[in-house]
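Enquirer: From the sequence below, what's the structure:
(2 chains)
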Number of protein chains: 2
Amino acid sequence: MRIILVGFGVVGSSLARLVLKSGQELKKPLGSTPRLVAAVDSKGYAVDEQGLNIERLLIRKAKTGTVSTGQQGMSVEELIRNVEAEVLVEVSPTNVDTAEPATTYIKTALDSGKSVVTANKGPLALSFWLMVNYAARNNAQLRYSGAVGSGTPILEFGRLCAEWENITRFEGILNGTCNYVLSTMEKSDADFGSALSNAQTLGYAEANPILDVSGLDSACKLVIVSNHVLKTKFTLRDVVVKGVAAVTRAQVVSAKRRGKVIRLLASASRHLKVGPEELEADNPLAVTGPLNAVRFVCEHSGEKILVGKGAGGVETASAIVKDLIGVARDSKRINEQPYLVNESH
Amino acid sequence: MRIILVGFGVVGSSLARLVLKSGQELKKPLGSTPRLVAAVDSKGYAVDEQGLNIERLLIRKAKTGTVSTGQQGMSVEELIRNVEAEVLVEVSPTNVDTAEPATTYIKTALDSGKSVVTANKGPLALSFWLMVNYAARNNAQLRYSGAVGSGTPILEFGRLCAEWENITRFEGILNGTCNYVLSTMEKSDADFGSALSNAQTLGYAEANPILDVSGLDSACKLVIVSNHVLKTKFTLRDVVVKGVAAVTRAQVVSAKRRGKVIRLLASASRHLKVGPEELEADNPLAVTGPLNAVRFVCEHSGEKILVGKGAGGVETASAIVKDLIGVARDSKRINEQPYLVNESH
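Expert: Okay, here's the model as predicted:
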């Protein structure tokens, strides 16, 4: 499988390492050995249609700050259009205002018949169905497991829950950074600022944590869960969002005294909402540390709660690999009908 | 879809009610309207190859204590062999000593080309691969989602986690009754006996809770999870089992003072083990009340925890319905190849 990788930050480089480490064992589920035929970051690119040397790519990035070999002459769109590959993996930074340049990259790939695997929340949070339908019209696949929950398969699990019965309510903690901050405030005497600063030191929060703290990251993920699992038609603008920056130590202490904890909760029933809420301390959603936790309430089979890490390079990369396997499997289904019966067993 | 239902206790009667209530919406996923063509309990049976009247069946069971219409002349095996149906749903009581009569019922159905959906732990805990291979040899399906976690899809979720990477460890709370008892002891001043008596009053424990308290119920489920997800070849005899009856209030209080809780933990790594263990109070597995909680540790994508009710009539019935849909889907795949491509979209 030939892969164009756009974005070479924590997630992109983790994917490169995972392909380097597990390429041989991925040969079977992917149908062929995975090869990075192009890698792109904000400073340039490297292309080799035979497959880049991933060790050298990682070392170059570490030493020079870019994957670029100095090759020039193509815009990123041209590269995506012209380099032969089966899949674009799009993991450039999320832009919640315009969803660009990711949206253009993804459309360009789909236009040229390439499937797309992305962990980028922007295009999905701003125009979910436009992207999904764009892929369908081009007979290409668009997969985005890593956009919510990183390695914790929240979207896939939601679909599993919704297989034959209605989901009457969804709620969850979709941002591990805020959860680390809030649970640190309740376990120590930290105020919001020092808990956030801890989170940054430990790598749980970005240097600029505005997307996390404002609730916007949770809101993007909520839109994606709701549209993917509940088949709603929301966009980011439909979410009533309140962040966590105004949560005080006094509120956390007062909640604790009453056997409760404060968590940044995202919920979908008739409307989408993100904001700090009090939960009973023994509510299984009331996890501590940099975790995600989601609850699907099913019509017949009751409530199901899924907990796991919600961020991390290797975890998100593992979700991308899972999507790549899905691309290979479904392409095979479409192209090679005779293999279908064997495959289903 | 024609169904023979053997066992008409809490689970069997819940399934009958669910078919009564949701029969029409199940028509599409099942390929045809579900019909109970026979119902069997310990006192007799009712057969109608056109489909039993479920309302009358439920009322008769409530009034007379049996589904029997007074029809006679067939043993249960003969009934399973001779009544025309696509599926046997086997939900008679679990027998952990001999796994009978369930094993015979299941084999009889498979022998006559019927698929089997069961929530019975006995046959799977005592001879998992024998049963699975028996089904395969007969070209019939054997499904058992409801045997672990009732409506919480622990087995399916485990397979999802194991799709392309190794699961290095599994651990979990697989018995809601014990979890209710232990968490009640830590939240009130109840001792083991009075917490168990509460559980019985609330319907969380059987009148005879020996399978729960001894750890044997958890051990059966552990064998099933391990064999289904990790492809091990264990049986119930391989599990080192310790129950919860010896857990004292003093131990619970002492653990609490150290920020810990005692839970009946089932674990699989190289060996299978069930016994009371101390967990940190903020461990996401440390749920309170009659819940199940399981943790799959995945090689690349990290830990995933699933929490939900682990018992209940309607929840287990919903797992059975899910399995019936699986039977219909896979039978269709085998019989009608041309539909495969449409189905996968």
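Enquirer: show me where chain A has helices.
Expert: A:10-30, A:54-64, A:76-82, A:102-111, A:121-137, A:154-161, A:176-187, A:192-201, A:210-213, A:216-230, A:249-257, A:313-335, A:340-343 (DSSP state H).
Enquirer: could those be laid out in JSON lines, adding mean pLDDT and mean neighbour count?
Expert: Every residue, glycine included, has its C-beta placed from N, CA and C. Output for the helices of chain A, formatted as JSON lines (pLDDT from 0 to 100; neighbours: other Cβ atoms under 10 Å in any protein chain shown):
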{"stretch": "helix A:10-30", "mean pLDDT": "95", "mean neighbour count": "19"}
{"stretch": "helix A:54-64", "mean pLDDT": "97", "mean neighbour count": "15"}
{"stretch": "helix A:76-82", "mean pLDDT": "98", "mean neighbour count": "17"}
{"stretch": "helix A:102-111", "mean pLDDT": "98", "mean neighbour count": "22"}
{"stretch": "helix A:121-137", "mean pLDDT": "97", "mean neighbour count": "20"}
{"stretch": "helix A:154-161", "mean pLDDT": "96", "mean neighbour count": "22"}
{"stretch": "helix A:176-187", "mean pLDDT": "94", "mean neighbour count": "24"}
{"stretch": "helix A:192-201", "mean pLDDT": "92", "mean neighbour count": "17"}
{"stretch": "helix A:210-213", "mean pLDDT": "94", "mean neighbour count": "20"}
{"stretch": "helix A:216-230", "mean pLDDT": "97", "mean neighbour count": "25"}
{"stretch": "helix A:249-257", "mean pLDDT": "96", "mean neighbour count": "14"}
{"stretch": "helix A:313-335", "mean pLDDT": "89", "mean neighbour count": "21"}
{"stretch": "helix A:340-343", "mean pLDDT": "34", "mean neighbour count": "12"}
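Enquirer: Specify the stretch among those that is closest to residue B:276.
Expert: Taking Cβ to Cβ, helix A:176-187 is the member of the helices of chain A nearest to residue B:276, at 25.7 Å.
Enquirer: And the contacts of that closest one?
Expert: A:173, A:190-192, A:195-196, A:198-199, A:202, A:204-206, A:209, A:212-213, A:215, A:217-218, A:244, A:247, A:249, A:252-253, A:255-256, A:261-264, A:276, A:287-292, A:309-311, B:282 (Cβ atoms under 8 Å, 6 or more residues apart in numbering or on different chains).
Enquirer: And chain A, what are its domain boundaries?
Expert: A:2-150+A:313-343, A:154-309 (automatic domain parsing).
Enquirer: could those domains be laid out in a markdown table, adding distance to residue B:30?
Expert: Output for those, formatted as a markdown table (distance: least, Cβ to Cβ, whole Å):
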| stretch | distance to residue B:30 |
| --- | --- |
| domain A:2-150+A:313-343 | 21 |
| domain A:154-309 | 9 |
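Enquirer: Spit out the contact partners of the spatially most central residue of chain A.
Expert: By Cα atoms, centre = their mean, the mean C-alpha position of chain A lies nearest to residue A:147, the distance being 1.7 Å. Contact partners of residue A:147, counting by Cβ under 8 Å, 6+ apart, are A:118, A:119, A:120, A:121, A:124, A:155, A:221, A:224.
Enquirer: The stretch 51-200 of chain A against chain B: which residues are in contact?
Expert: With the criterion set to Cβ under 8 Å from any Cβ of the partner chain, the stretch 51-200 of chain A comes near chain B through A:150, A:151, A:152, A:153, A:156, A:157, A:160, A:161, A:163, A:164, A:165, A:183.
Enquirer: among the residues you listed, which two are most distant?
Expert: A:164 and A:183 (35.8 Å).
Enquirer: quick revisit: so how far is chain B from the residue nearest to the centre of chain A?
Expert: 15 Å (Cβ to the nearest Cβ, to the nearest Å).
Enquirer: With adjacent residues omitted, what lies nearest to the residue of the stretch 201-345 of chain A at minimum distance from chain B?
Expert: With Cβ to the nearest Cβ, the shortest gap between the stretch 201-345 of chain A and chain B falls at residue A:301, namely 3.2 Å. Spatial nearest neighbour of residue A:301, chain neighbours left out: residue B:151 (3.2 Å); criterion: Cβ to Cβ, 6 or more residues apart in numbering or on different chains.
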